[in-house]
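1. What follows is a protein structure lacking sequence information:
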């Protein structure tokens, strides 16, 4: 999935007894969860290994031994996020899930899913995008993830092609998906006034974005 360097379990992990392996993996997950919270709260540059260790309930040395420095932590967080997001995308796009559903149902669910991801991971999204500005390999991995999202969501919406009245359904769907991706990415960077107006936590946002997309695809506002 990703072109960036990833930091997986240390080579000696497989040589440990099973109980120690389980404890080591559990600690690694605690570290990553703590790192995500600290980065989301303070930003990547301001996040410190000491704060992450304190929240994870471990020593600073444990983080360096099991994962590495902050750059390796971010790579691990990216790898974990990719896995979780792609798994969630596959679940969302499963045709069996949408038997009997309308285009409106699918658009509404797609928007809700995208808004929920950005709401839960806004801090990480900022860190990933900021890292990609100065790191071409990281940026390439992020772009691959976005293209995977776009391709999956495009297939899902085009499964209701018969309900789309736009003269070029494929073009219209792709434009809608890219618009949604871009809008939600922008919302994690917008200033405080705009963030308050278009809050990811506001229930009105997914409803209005759904209306926007449906009006373009079908000529109706819903």
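-> Received, thanks. What you see is a predicted model; the values in this text were computed from it and never measured. Numbering: from 1, shown residues only.

2. how many other residues sit next to residue 139?
-> Neighbourhood size, residue 139 [other Cβ atoms under 10 Å]: 17. Any C-beta I mention is one placed from the backbone N, CA and C, and that applies to glycine too.

3. residue contacts, it?
-> Contacts for residue 139 (Cβ atoms under 8 Å, 6 or more residues apart in numbering) come out as 132, 133.

4. let's see it at 7 Å
-> By Cβ atoms under 7 Å, 6 or more residues apart in numbering, the contact set of residue 139 is residue 132.

5. Check residue 87 too.
-> Applying Cβ under 7 Å, 6+ apart, no residues contact residue 87.

6. Now it: phi and psi?
-> With angles defined as degrees, to the nearest 10, residue 87 sits at phi -60, psi -40.

7. For residue 29, give me the pLDDT.
-> At residue 29, the model reports a pLDDT of 92.

8. For the nearest residue to residue 69 once chain neighbours are set aside, give its distance to residue 106.
-> The shortest distance from residue 69 to any non-neighbouring residue, by Cβ to Cβ, 6 or more residues apart in numbering, is to residue 49 (7.5 Å). Shown here: residue 49 relative to residue 106, a distance of 43 Å by Cβ to Cβ, to the nearest Å.

9. Likewise for residue 170?
-> Taking Cβ to Cβ, one finds residue 170 at 16 Å from residue 106.

10. Looking at those two, which is more packed in?
-> Each of residue 170 and residue 106 has its neighbours counted (other Cβ under 10 Å); residue 106 has more, 20 against 13.

11. Tell me which other helices or strands the longest helix belonging to the chain touches.
-> In the chain, ranked by residue count with DSSP state H as the criterion, the top helix is helix 103-134. Packing partners of helix 103-134 (3 or more Cβ pairs under 7 Å, 6 or more residues apart in numbering; DSSP states H and E): helix 18-42, helix 70-92, helix 136-158, helix 169-187, helix 204-218.

12. so which of those gets nearest residue 122?
-> helix 18-42 (7.0 Å; Cβ to Cβ).

13. relative orientation of the closest one and helix 70-92 in degrees?
-> If you take axes from the mean of the first three to the mean of the last three Cα atoms, to 10 degrees, helix 18-42 sits at 90 degrees to helix 70-92.

14. Report all helices and strands that helix 18-42 contacts.
-> For helix 18-42, the elements it packs on are helix 49-56, helix 60-66, helix 70-92, helix 103-134, judged by 3+ Cβ pairs under 7 Å, 6+ apart.

15. Could you dump those helices into a markdown table with distance to residue 180 and mean pLDDT added?
-> Converted to a markdown table, the helices and strands packed on helix 18-42 look like this (distance: least, Cβ to Cβ, whole Å; pLDDT from 0 to 100):
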| stretch | distance to residue 180 | mean pLDDT |
| --- | --- | --- |
| helix 49-56 | 32 | 94 |
| helix 60-66 | 36 | 91 |
| helix 70-92 | 13 | 91 |
| helix 103-134 | 6 | 88 |
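
16. how about those in CSV, adding distance to residue 154?
-> Formatted as CSV, the helices and strands packed on helix 18-42 follow (distance: least, Cβ to Cβ, whole Å):
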stretch, distance to residue 154
helix 49-56, 37
helix 60-66, 39
helix 70-92, 12
helix 103-134, 10
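
17. Which one, of these, ends up nearest to residue 164?
-> Of all the helices and strands packed on helix 18-42, it is helix 103-134 that lies closest to residue 164, at 6.7 Å by Cβ to Cβ.

18. re earlier: give me the distance from the longest helix of the chain to the chain's centre.
-> How far helix 103-134 lies from its chain's middle: 5 Å, per Cα atoms, centre = their mean, to the nearest Å.
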